[in-house]
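J.: sequence first, predicted coordinates after that:
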Amino acid sequence: MRSMTPAELVLMRKACALTRDALNYAETLVKPGISTYELDKSIEKFIIDSGASPACLGYEGYPASICASVNEMVVHGIPSKDVILKEGDIISVDLCVAYKGYIGDAARTFPVGKISPEKARLIEVTKQSFFEGIKHLAVGHRIGELSHAIQEYAEKNGYSVVRELAGHGIGKKMHEPPTICNYGKVTDGPMVIEDATLAIEPMINMGRKEVWLVEDGWGVITRDGKPSAHYENTVLVTKNGVEILTL
């Protein structure tokens, strides 16, 4: 974890604004009948036309510009012509935008057409767990206070928290220290410093917490086959509180 300079923050804000815009655009595309490949190519073009670049593309060999994770896929679903969205699905779109050396990162889980009340509640609780967590994110406090709050809120609502995946610091690189778990004790993790930029990303399962890595080496699915949701923003921690840069 490190403090951003004022000049760096100008570029981070721009990268994060473009990330927000790309996700808002993604939401307009999500509908029954579209493939996750089409989503990826449309969003990639949108990012490039915005004067930025898709930071996921080529990252450690990742072959696409977005992660498109449908239903029981928790994260890192590789877009495919064979994955066609159907009425009642949910899809998590996770993307990173690079702008002049700085990176914004955010994710949303969208409904595909009309979804069940159970899936809608999962999406809403996952989103709210992020906001419950950042209430406890402050300069001089431990990261564990945020982690514990996310876990407590999700489990109180009958859901489970994925253990193998976590949030992270972000800036010039997509993944920087520290690792930010979505579970744990209030005494866990490092102290938060002023002007740190962090990617906070609850990944919440409707069923059990256990997950599998699929054969492509990227996708992570729930072991019980039940749906999962993902909600992420890049935030800036200042002496006056938390600013959400990708909203």
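T.: Received the coordinates, thanks.

J.: what bridges to residue 233?
T.: When assigned by DSSP bridges, residue 233 has beta-bridge partners residue 200.

J.: give the contact list for it.
T.: Contacts for residue 233 were tallied using CB atoms under 8 Å, 6 or more residues apart in numbering; they are 106, 130, 199-201, 244-247. Every residue, glycine included, has its C-beta placed from N, CA and C.

J.: redo that, cut-off 7 Å
T.: 106, 130, 200, 244, 246-247 (CB atoms under 7 Å, 6 or more residues apart in numbering).

J.: mind listing which of those are in strands?
T.: Judged by DSSP state E, the subset of these located in strands is 106, 200, 244.

J.: now tabulate those residues in a markdown table and tack on neighbour count, pLDDT and distance to residue 228.
T.: Formatted as a markdown table, the ones in strands among the contacts of residue 233 follow (neighbours: other CB atoms under 10 Å; pLDDT from 0 to 100; distance: CB to CB, whole Å):
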| residue | neighbour count | pLDDT | distance to residue 228 |
| --- | --- | --- | --- |
| 106 | 25 | 98 | 17 |
| 200 | 28 | 98 | 17 |
| 244 | 16 | 98 | 22 |
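
J.: export those residues as JSON lines, with columns for distance to residue 150.
T.: Formatted as JSON lines, these follow (distance: CB to CB, whole Å):
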{"residue": "106", "distance to residue 150": "16"}
{"residue": "200", "distance to residue 150": "8"}
{"residue": "244", "distance to residue 150": "15"}
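
J.: and the residues you listed, which is closest to residue 87?
T.: Ranked by distance to residue 87 (CB to CB), the ones in strands among the contacts of residue 233 are led by residue 106 at 25.6 Å.

J.: right, and that closest one touches residue 231 too?
T.: No. Using CB atoms under 7 Å as the test, residue 106 is too far from residue 231 to be in contact (8.8 Å).

J.: assign residue 69 to helix, strand or coil.
T.: Here residue 69 is strand, with the state taken from DSSP: H, G, I helix; E, B strand; the rest coil.

J.: what residues are up against it?
T.: 75-77, 91-92, 230.

J.: and the two most separated of those residues?
T.: Greatest spatial distance among the contacts of residue 69 (CB to CB): 76 and 91, at 13.1 Å.

J.: dump the residue contacts of residue 55.
T.: Residue 55 neighbours (CB under 7 Å, 6+ apart): 96-98, 103, 174.

J.: tell me the one of the residues you listed nearest residue 26?
T.: Nearest member of the contacts of residue 55 to residue 26, counting by CB to CB, is residue 97, at 11.9 Å.

J.: in three-state terms, label that closest one for me.
T.: strand.

J.: buried residues in the helix ranked longest in the chain?
T.: Secondary structure of the chain per DSSP state H: the longest helix is helix 6-29. By 16 or more other CB atoms under 10 Å, the buried positions in helix 6-29 come out as 8-9, 11-23, 25-26.
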